[in-house]
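Peer 1: What would the 3D arrangement of this be:
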Amino acid sequence: MLAEWRLLKDDIHEARRHFAVEEALARLVDEGLSPPTLRLRQVHPAVFVGVHQNTWSEVNVDYCRSNDIQIVRRMNGGGAVYHEMGSFCFSAFFQRNFLAQSEEELYRLFAIPVIRTCADYGVIAHYEGRNDVLVGNRKIYGSAYFSWYHAFVQSGTFLVNINFEVMEQALTPPALKFAGKSARSIHERVTSLSHEVGSELDTNEVIEQFTNHIAEVLGIRLIPDDLIPAEQELATNLLAVKYSTDKWNFGSQLEFQITVADRSDAGVISLSVDIEGKIIQKALITGDILLSQRQELDNLELMMAGCSLQEAQATVQTISLPTSLRESLLRLLEKLKQEVFTISSKRL
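Peer 2: Okay, the predicted model is just below:
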């Protein structure tokens, strides 16, 4: 007998309310108060910023404000993305023991319905890297996850119809993001299903195709239903105290003395520091980082404060981090040594 999941299409099109609902669902799935759920969502024009990113360096904030494009920080990692009603996202909420695969295997598993949906329209797509689906060399789908104790949330973005010109204006990825790639701009890097087909598609029809495929791949039966009162109440509270606040969505605009950046397999990583002599006073780690919890980086930032650059390198070696992220941070600390030496030399 197939496991039953709730199918949510709640017609919420305001991006910040969306993510308040997402966190509410994760919390209540963890507590066993909400059932495993597949949520399908579309939004009015908005930019979703990765939880580890610096909004001010990744987004053209003035352009977005002038053009009614909402900016919101999401709970999972990865890079900033632009969305509008022509495309859609999904989030799958479940207790971690439902799918025993590793995070890497889950990325591949949830990419299969996207690849099959593309095939329905005669478009050949393939899985590449850690979390992307590409058509040729262009990205049509990206995904990320976060966990909330026992709950696991796998989310994905499927570009069906999209205004690439607005996307290009709204996002300001660093040039390092395109290093080593043939693409030199967002438009050259991404595509949409309608672009590949050659005509605009009915997004709702694509969503229906995708929904059928994901149910088949996961081996589940989807039952359409609504948010329960506890989810609505918690989401309303989270919207007010978190997702509507500039503190969450924009963070600090504090200028750090030195910022260095590096490109890893996961994307661009930046390390900003205030430094006195050779001692780090304050550190900030940002970038396209795929970690389930920001707390891991917050703790590392606190541990680096008061350390020499050499001590900071030793600290990074002791922290449990993905290998590519640890190696990037070690390279960044080496770059900092060079920057500090250069600055000191100029002062002499």
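Peer 1: remind me which residues of the protein are low pLDDT?
Peer 2: Along the chain, the model assigns pLDDT under 70 to residues 175-184, 252-257, 264-267, 292-294, 341-348.
Peer 1: let's see it at 50
Peer 2: 254, 346-348 (pLDDT under 50).
Peer 1: All the strands of it, in order from the start?
Peer 2: Under the criterion DSSP state E, the chain carries strands at the ranges 3-8, 37-41, 46-49, 70-73, 81-83, 88-95, 126-128, 132-135, 138-148, 151-158, 220-225, 258-264, 267-276, 279-287.
Peer 1: what's around Gly219, how many residues?
Peer 2: 8 (other CB atoms under 10 Å). Any C-beta I mention is one placed from the backbone N, CA and C, and that applies to glycine too.
Peer 1: Give me the neighbour count for the residue nearest to it when sequence neighbours are not counted.
Peer 2: Leaving aside its sequence neighbours, Gly219 sits nearest to Leu2 (CB to CB, 6 or more residues apart in numbering; 6.1 Å). Neighbour count of Leu2, defined by other CB under 10 Å: 10.
Peer 1: In this structure Leu2 contacts Leu218, no?
Peer 2: No - in this structure Leu2 lies outside contact range of Leu218 using CB atoms under 8 Å: 9.3 Å.
Peer 1: For Val51, see how far away Ile186 is.
Peer 2: Relative to Val51, Ile186 is positioned 21 Å away (CB to CB, to the nearest Å).
Peer 1: what's the answer for Leu7, then?
Peer 2: As judged by CB to CB, Leu7 and Val51 stand 26 Å apart.
Peer 1: Asp225 pairs with what?
Peer 2: Under the criterion DSSP bridges, Asp225 forms beta bridges with Leu8.
Peer 1: Is it correct that it is in contact with Lys9?
Peer 2: No - in this structure, Asp225 is not within contact of Lys9 by CB under 8 Å, at 9.7 Å.
Peer 1: related to what we said a few turns ago, which of the strands of the chain sits closest to Gly306?
Peer 2: Distance to Gly306, taken as CB to CB, is lowest for strand 279-287 among those, at 6.7 Å.
Peer 1: Which other helices and strands does the closest one contact?
Peer 2: Contact partners of strand 279-287 among helices and strands, from 3 or more CB pairs under 8 Å, 6 or more residues apart in numbering; DSSP states H and E: strand 267-276, helix 295-304, helix 309-318.
Peer 1: which of Leu7 and Val51 has more neighbours?
Peer 2: Between Leu7 and Val51, counted using other CB under 10 Å, the more crowded position is Val51 (21 against 18).
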